[in-house]
Structures are given as C-alpha cells and as structure tokens.
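1. I need the structure of the sequence given here:
(4 chains)
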2 protein chains.
Amino acid sequence: MPSPARRAAGANLPQVRDHNSALVLDLVRRGGAISRVELAAQSGLTAQAITKIVNRLVADGLVTEAGRIGSTGGKPRTLLRLDPTARYAVGVHLDRDDTTVVLTDLTAQKVTRRHVPQGMTADPSATLDRVADAVRAVLTDIADASRLVGVGIACPGPLDHTTGVLHRVTGLPDWDGFPLGAEAADRLGAPVTVDKDTNAAAIGQTLSSPDTPVNFAYLYHGQGIGAGLVLGGRVYRGRRTNAGEFGHQVIDLNGPPCRCGNRGCLEALCRAALDTGNPVRAAHLVGIATANLVHLLDIDHIVLGGPVVLAAAEQYMQEVATTVNALLPEPDWQRVIVGLAADRADTIATGAAALALAPLFNTSTSDDGADRAA
Amino acid sequence: MPSPARRAAGANLPQVRDHNSALVLDLVRRGGAISRVELAAQSGLTAQAITKIVNRLVADGLVTEAGRIGSTGGKPRTLLRLDPTARYAVGVHLDRDDTTVVLTDLTAQKVTRRHVPQGMTADPSATLDRVADAVRAVLTDIADASRLVGVGIACPGPLDHTTGVLHRVTGLPDWDGFPLGAEAADRLGAPVTVDKDTNAAAIGQTLSSPDTPVNFAYLYHGQGIGAGLVLGGRVYRGRRTNAGEFGHQVIDLNGPPCRCGNRGCLEALCRAALDTGNPVRAAHLVGIATANLVHLLDIDHIVLGGPVVLAAAEQYMQEVATTVNALLPEPDWQRVIVGLAADRADTIATGAAALALAPLFNTSTSDDGADRAA
DNA sequence: GCCATAAGTAAACGCTGTTGATTAACTGGG
DNA sequence: CCCAGTTAATCAACAGCGTTTACTTATGGC
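-> Below is the predicted model:
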C-alpha cells in the first residue's frame, strides 16, 4: 500500500523510539561490526539507552553479537553485526519491454532473480498479474514469510511516489494515471512502495555499499539519462517526485533538437555522439553536465550505472572523472570521486528492493553534509 | 560563536520538546493567526500537548492570544499570533566594498539600518571593529538587551558555515582562512552565524514572507550569479557550504571564456549580454539555466533578487518566467512561479538576521515536497 | 593475586506527549 | 428564555522514552 498522504511533523515518544532504533540499526549497518560504546559515541545517546535499544534489535533478530575485540586495559568490547537474513525484500524493475524481479536480504544483496519478458508496452493489469506470479515465485526462497519487509517497484517516471500513481509515461497511454502501488498491493497483500527507477538505484547504492557517502548522485545512462539524488542520506524527490531530470539540462544553446522539444539537451548531444560511434564523447558531455550538478549541489561523489555506462565501464568512468574535476576551480578542495554502481546488472531491481528496506534505517545518521537550517 | 562541529542524531526528551516548540512556533508564524485546534491538526500532536507547548511559548513572550474567531456551534477558537517584538536579530551583509548592518524583529522585518563604507577590500580586523561599532549602534534600538537572539553575517563564499571560517575569497587574500565567526563573536559577545550571501537571502525570504513554499531557489544576480537553495524548508548547503554555484553552470559548450577558466558559463554569457546593453537577453539566459535547475530539483518557485534584477525588476521577472515555463514539457503540471525578493534593497542583510532567527523555527513543518526516504 | 580500567547493566527518575474525564463558551430549537 | 448539542480548551493520571547513579563484568598490568 502506498504511504499515507501526509505525515505530521510533531514528535512523540513512539516516534523517538523508532527514530533511535532505526538510527542504531543504520550505524550497525554502516559499521559492519561495531560495539555498544561506539554506538553511544556516534549516536550521542547514553550507554544505557544503547543497551536497551540493542536488546530490542537483538530480540527482533536484526542484530547479533559477534565476538569480542581486544581490550585496552578493561573489559573488551562486544561486537554487534547486522543479520542479513533477518529480513528480505522484493524489488521489481518494471521497464518498457521487460520486468526484472529480485529477492534481496537485509543488506540489499541479491538472493534470487527472475525475469519476465513483458513490460509497460503491454496491458497494465495483465502485466501486473505476471509480475505478481514472479514475486510469489521468488518468495518461495524465504523460509519464514513474516520476514518479508515489503515490495518496491521502480519504473520510468513521471509518477507520484507518495500515492504510487503513474503520470503520463511517455508513449504509454494505457499506464497514464494507473494506480500501480494500490494495484500491486492488492495482488500481493504486502506493503508496496513505488518510485522512479533512478531513485531506486540510488537507494540501492546506499544500502548495498555501506561506505556510500550521505551526499551523492546516481547517474543512470540508458535510453535516457536520469539522476537519483541523495542529499543528507535521503533521496531528494522534489514535490512531484520529478527531481533528477538530469538528461534534459541544456548545455549547448545552439545544440541539436531533443525529443523533449528543446535544443542542446545533454541527452540529445549524447545520443548524437553515440550514433556516430563516439562513447567517450558522450561520457565527456556527461562529465560537463556533472560539473554543473556539482556546482549546484556541492556533491563530491558520483555513481554511474546503466547499459551505456556498462558497455565500456572503465573508460566511461575515467572520462567523467577527469572531465568533471578539470572543470572545478579548486580540484584539491572539492575533488569529485566517480565510481560504478554496486549491482551492475540489476541495479534498478535491487534498488527497488532497497526502497522497501529503507524505512528500517530511515534516518540521516550524521550531520555530514546534511547541515541545514530553517 | 560558530555552531558546534557535530551534532549527534540520537533523540531524547529535551530534543523532542525543542523540536515540537519550534514546530508550533513555525506554524503560528506561517498561519499569521491560528487556533490551538488547527495547530493540533497541522502538527499531528494532541490538543493537550498543544496547550502545554503554547503555554510555554506565551510565557516566553513569543506568542500572544489575539481574540476569538466565530463559532460553528461550539466554543469559539482562540487565535494565537507571533509577537514580532519578542525577539530581535542583527544581520550583517559584509560585501567587497561596503557593509550593511540591520536590526530586524522576529519576523525578519527591518527595524534599523546602518551603512559602513568599508568592506572586504580593507583589513579584516579593522573592518570588523567598525562593523562591531555599527552593530552596537543598531542595538540601542532594543529596550531589553536579552531579546537579542544573535547576529548573522553574510558574505561572498566560499566559506565554511559550520566553523565560520572563510576560504579563499576571490582576490582578497587577507581574508583567506579568516575565522570570521569566532572574531565577530569575540567582539560582540553574542552568538554569531556565518553563511554565504545567497543562503542568507534565501532564509530571509522564508522568514519574511510566511507564504514562501518549502522548496524554492533564491537567485541573486549581482556581480556574479548565485543561488540559495531551500529544500524541504531548510537551506541546502552541501558538505562545504558550496552549493548554489548557479552562475558557473555551462549552458553553451562553445560559449565565451569565463573568469573561472571554463567556457560558456551562465555568468560569462550574461556579462556579455549586459555589456552589449541587453538585459532581457541576460534574463533569458538565466531563464534557461533556471529550467535546468527545475529539471534537476523539481522546484516550482523562484525568487529573484540583486542589483541586476532590480535595475528592471518587472521585465527581468517576466522574461525568466516565460522562458523557464516554455522549456518545461508539461507547464500545466509543473508551472514555475517567479517572484521578487521580499526586502529588495537590503535582501542579504535582512537575510543575515534571519540566519540568527532560523533556529527558533528550525523545523521542516510539512512533508510537502520534503518527502524523503533513506 | 590484586588493582586500575573500561564495557555493559540494573534500578530509580524526570519529563515528554497521551488518554480519558471535565470545564468553558458558543449556536440553535422549542 | 432556557436547555440540549457542539466545539475548544484544560485538568489529572499515566505510559514510556532516555538519563542518572550505582553496580557488575571482564580484561591488562604489576
């Protein structure tokens, strides 16, 4: 079921509890193996509070004790770890011509994968029936059905993340206004979250690679070019879930016409470069557009994914990295790191699963880069 | 004093209290006149909690009761209002050649203004002495010194908002590494917040115009072109307080060289247009760059300020509005509203005062557009 | 062995918002 | 005119959060 329309901002005790539990779980996730004292230091909570919170997490099976670490003259620290098998999530990448369904564990690692040779070019209801079959199929790999956190669905935008309703998917009138979230929840009887493919990929990167920074952009280069923006540890979607339209930024006033109606969009220029068999030129253009993004958002980490990137991953990555850093006035001060997506092949499907997992860790842990004021 | 280096994310009761107090105060601010029932509905807190919180705010003098509103068959609602005179803040706009100091009330409305004909081209310490004199001068307008919330200082970047230290201000080597926040706090004996001029302007807009949406960009067109980004009701600064470098986005691959070393930056193109006496062309270019920003951040509200804008405000505004909306694929769905800054003349100075006021309302009230997930 | 040191826990506590009952202040019908 | 009905706001008792203080557990060093 899609998330409720509005969530009030007033805080009460249950919310404090949930917030702190999620925060501690997130610190355990990122720490790999971490002790209670470290949790106390990093969270700002007292040791006693950490004890209680960890006890709850252990009782829920999410966290396990994992040995001791050498003493420095006192009682040695007890290490805590996430149990990846404690929970599972299903991710659905609903694309134009086909659909990929994956089952992942708590750390967004792929467990099972299933392919459905039918996508959004087909009838919505019929397609959803087949997708639901595939979801049930991958779920047979979980011993305990109660360990399913939920189902995430990622598809091309535009759509409304809060309601799970699609909005004028280009060239697919049947899907316009289709209540994807509600229909899927009906068929599956499980919580469903709907989001843009690029946002899913970005969340997937955050959860599957514990060292991913709190501010980064995931650039997906496939048929189009889109960005998933993670700012302060959270996906930034904008009001209409329409943020991240990276490919339609104009970088050449006198450039060629684009399918969107404008001239000189990044996407149009890249297409031209690829058509003439020049992928390095395309990567170079993406690098220039990335510099624009870095200037605007002060982001220092870029993750690349998508078929066009994968066609020549190393080369593409290098070209983007050198281009973007060359365009910054002080590369020493604000060097941009460029990397590749964690799950290269099914990056969006695993990301969709991460959509469902995210609420368990739903918090912006540190203030690093997330510093804001009213 | 600059804010502490790190604030942990763990939540405890005092934080809940502060959070909810700030939330309620923010709702009162935005509501203009609002009843306790409405506060309960909008905050999600119970009526009883609102009673307690409002009682505290009234005791602090921040909120006052202001009459009743017609009944709908029961006891009429008691209206609550912000008392603008309850607190004051000082804003300092430290610019290259001169400095503006203002005193504002709780709603970021200008009370007193003072001009210092000396800025960052002069010696840091001597300049700060003169600025401190001006601050003390405007403070004589407050009867009760304890009503001063703090002092905000806005200046051209780059700088580190968290520490209040400047970083390589272009062409002003004396100020490189200058601990502006600490030095000012020393001289004034009051809390000091330092931020980029554009960020200050954006906060000022939020506080002085209660109907400002939670997602918007403040575009300042002066010697350069910068943006202050407010996302989810809070200023987005990025990790190095360097977000919002709007003027150095490349929009013309083959454009003229820019002082930053690249080609085809918005700023370089605008300068060329202005040099040839074509301000409408400059506004048009800004409109194109704004469309890029809208595509990336799904923002539907733009506020314009700065000398170049004010030179022909209506014309500039119109040109930006028509250009940006023409570049969007679905103008009906995502129409962008373009407006002018609230305090046209001293927009950055009043914004600097708002920097100090912001923590009183420090919260993202609604989920409108601020919807995020880990 | 014994002490210093550090990690972690037990018990009592303060304070938050919540719950359920109660009072305050109005409208409208007879 | 008065009383039922309705809505706003409050009073009093309460549950549950993290905190504080005191204590236990487990190691290293002498």
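
2. ok, the nearest residue to A:S125 once chain neighbours are set aside - how many residues close by?
-> Counting by Cβ to Cβ, 6 or more residues apart in numbering or on different chains, A:S125 lies nearest to A:E183, which is 7.5 Å off, once chain neighbours are set aside. Glycine gets a C-beta too; all of them are placed from N, C-alpha and C. Look at A:E183: counted by other Cβ atoms under 10 Å in any protein chain shown, it has 18 neighbours.

3. which single residue of the stretch 201-350 of chain A ends up nearest DNA strand C?
-> A:P210 (20.2 Å; Cβ to the nearest atom of the strand).

4. could you measure from the nearest residue to that residue once chain neighbours are set aside over to DNA strand D?
-> Computed as Cβ to Cβ, 6+ apart, the closest residue to A:P210 that is not its neighbour in sequence is A:R30, at 4.7 Å. Distance of A:R30 to DNA strand D, given as Cβ to the nearest atom of the strand, to the nearest Å: 19 Å.

5. where's A:R30, which helix or strand?
-> Using DSSP states H and E, the element containing A:R30 is helix A:13-31.

6. can whichever helix or strand comes after that helix be said to contact DNA strand C?
-> Counting by DSSP H and E, the element after helix A:13-31 in chain order, helix or strand, is strand A:34-35. Yes: residues of strand A:34-35 are located near DNA strand C by Cβ under 7 Å from any atom of the strand, namely A:S35.

7. what about A:Q48, neighbour count?
-> Using other Cβ under 10 Å, A:Q48 has 10 other residues around it.

8. list the contacts for it?
-> With contacts defined as Cβ atoms under 8 Å, 6 or more residues apart in numbering or on different chains, A:Q48 has no neighbours.

9. and the helix or strand hosting it, which residues are buried?
-> Assigned by DSSP H and E, A:Q48 belongs to helix A:47-59. Buried residues in helix A:47-59, defined by neighbour count with 16 or more other Cβ atoms under 10 Å in any protein chain shown: A:A49, A:I50, A:I53, A:V54, A:L57.

10. in the helix or strand just after it, what counts as buried?
-> Proceeding N to C from helix A:47-59, the next assigned helix or strand is strand A:63-69, under DSSP H and E. Buried residues in strand A:63-69, defined by neighbour count with 16+ other Cβ under 10 Å: A:V63.

11. direction included, what does strand A:63-69 pair up with?
-> Strand pairing for strand A:63-69, determined by DSSP bridges: strand A:77-82 (antiparallel).

12. close to DNA strand C, is the partner strand?
-> Yes: using Cβ under 7 Å from any atom of the strand, we find that strand A:77-82 touches DNA strand C at A:R77, A:T78.

13. circling back to that earlier point, any bit of the helix holding A:Q48 sitting next to DNA strand C?
-> Yes: shown here: helix A:47-59 in contact with DNA strand C (Cβ under 7 Å from any atom of the strand) through A:A47, A:Q48, A:T51, A:V54, A:N55.

14. hmm, the first one is touching A:A40, no?
-> Read that as A:A47. Yes: between A:A47 and A:A40 there is a contact at 4.8 Å, judged by Cβ atoms under 8 Å.

15. which residues of chain A lie near DNA strand C?
-> Neighbours of DNA strand C within chain A, by Cβ under 7 Å from any atom of the strand: A:10-13, A:35-37, A:47-48, A:51, A:54-55, A:72-78.

16. what about the helix holding A:Q48, distance to the chain center?
-> Computed by Cα atoms, centre = their mean, to the nearest Å, the chain-centroid distance of helix A:47-59 equals 28 Å.

17. now it against strand A:77-82, angle please.
-> Interaxial angle of helix A:47-59 relative to strand A:77-82 (axes from the mean of the first three to the mean of the last three Cα atoms, to 10 degrees): 40 degrees.

18. helix A:47-59 near DNA strand D at all?
-> Yes: against DNA strand D, helix A:47-59 shows contacts by Cβ under 7 Å from any atom of the strand at A:A47, A:Q48, A:A49, A:K52, A:I53.

19. tell me the pLDDT of A:T198.
-> With respect to pLDDT, A:T198 scores 98.

20. and it, how many neighbours?
-> A:T198 has 31 neighbouring residues, counting by other Cβ under 10 Å.

21. what of the one 10 residues further on?
-> Using other Cβ under 10 Å, A:S208 has 22 neighbouring residues.

22. how near is A:H93 to chain B?
-> Using Cβ to the nearest Cβ, to the nearest Å, one obtains 18 Å as the distance from A:H93 to chain B.

23. where's that residue, which helix or strand?
-> With DSSP H and E as the test, A:H93 turns up in strand A:88-94.

24. can you name every helix or strand that that strand contacts?
-> On a contact count with 3 or more Cβ pairs under 8 Å, 6 or more residues apart in numbering or on different chains; DSSP states H and E, strand A:88-94 meets strand A:99-105, helix A:124-139, strand A:148-155, helix A:197-208, helix A:347-357.

25. centre of the chain to that strand, how far?
-> 12 Å.

26. strand partners of it, parallel vs antiparallel please.
-> Sheet pairing for strand A:88-94, using DSSP bridges, gives strand A:99-105 (antiparallel), strand A:148-155 (parallel).

27. ok, the helix or strand following the last one: who's next to it in the sheet?
-> When you say that, I think you mean strand A:148-155. Going down the chain from strand A:148-155, the next helix or strand is strand A:159-160, by DSSP H and E. Under the criterion DSSP bridges, strand A:159-160 sits next to strand A:165-166 (antiparallel) in its sheet.

28. which residues touch the partner strand?
-> Contacts of strand A:165-166 (Cβ under 8 Å, 6+ apart): A:C155, A:P158, A:L159, A:D160, A:W175, A:D176, A:G177, A:F178, A:P179, A:L180, A:G181.

29. to DNA strand D, which of the strands paired with strand A:88-94 lies closest?
-> The nearest among those, by Cβ to the nearest atom of the strand, is strand A:148-155 at 20.7 Å.

30. let me know the angle separating the closest one from helix A:124-139.
-> In terms of direction (the same axes, to 10 degrees), strand A:148-155 departs from helix A:124-139 by 140 degrees.

31. quick check: angle from strand A:148-155 to helix A:347-357?
-> Using the same axes, to 10 degrees: strand A:148-155 against helix A:347-357 is 140 degrees.

32. next, count neighbours for A:Q315.
-> Residues within reach of A:Q315, counting by other Cβ under 10 Å, total 13.

33. ok, and the closest non-adjacent residue to it?
-> Distance criterion Cβ to Cβ, 6+ apart; nearest residue to A:Q315, sequence neighbours excluded, is A:V280 at 6.4 Å.

34. the one you found in helix, strand or coil?
-> At A:V280 the chain is in helix, as set by DSSP: H, G, I helix; E, B strand; the rest coil.

35. neighbours around it, how many?
-> Look at A:V280: counted by other Cβ under 10 Å, it has 13 neighbours.

36. same check on A:R96?
-> 16.

37. again, but for A:V135
-> A:V135 has 24 neighbours, counted by other Cβ under 10 Å.

38. for it, give me its contacts.
-> A:V90, A:V92, A:V101, A:V151, A:L188.

39. re earlier: list the contacts of the residue of the stretch 201-350 of chain A closest to DNA strand C.
-> The contact partners of A:P210, taken as Cβ under 8 Å, 6+ apart, are A:R29, A:R30, A:G31, A:G32.
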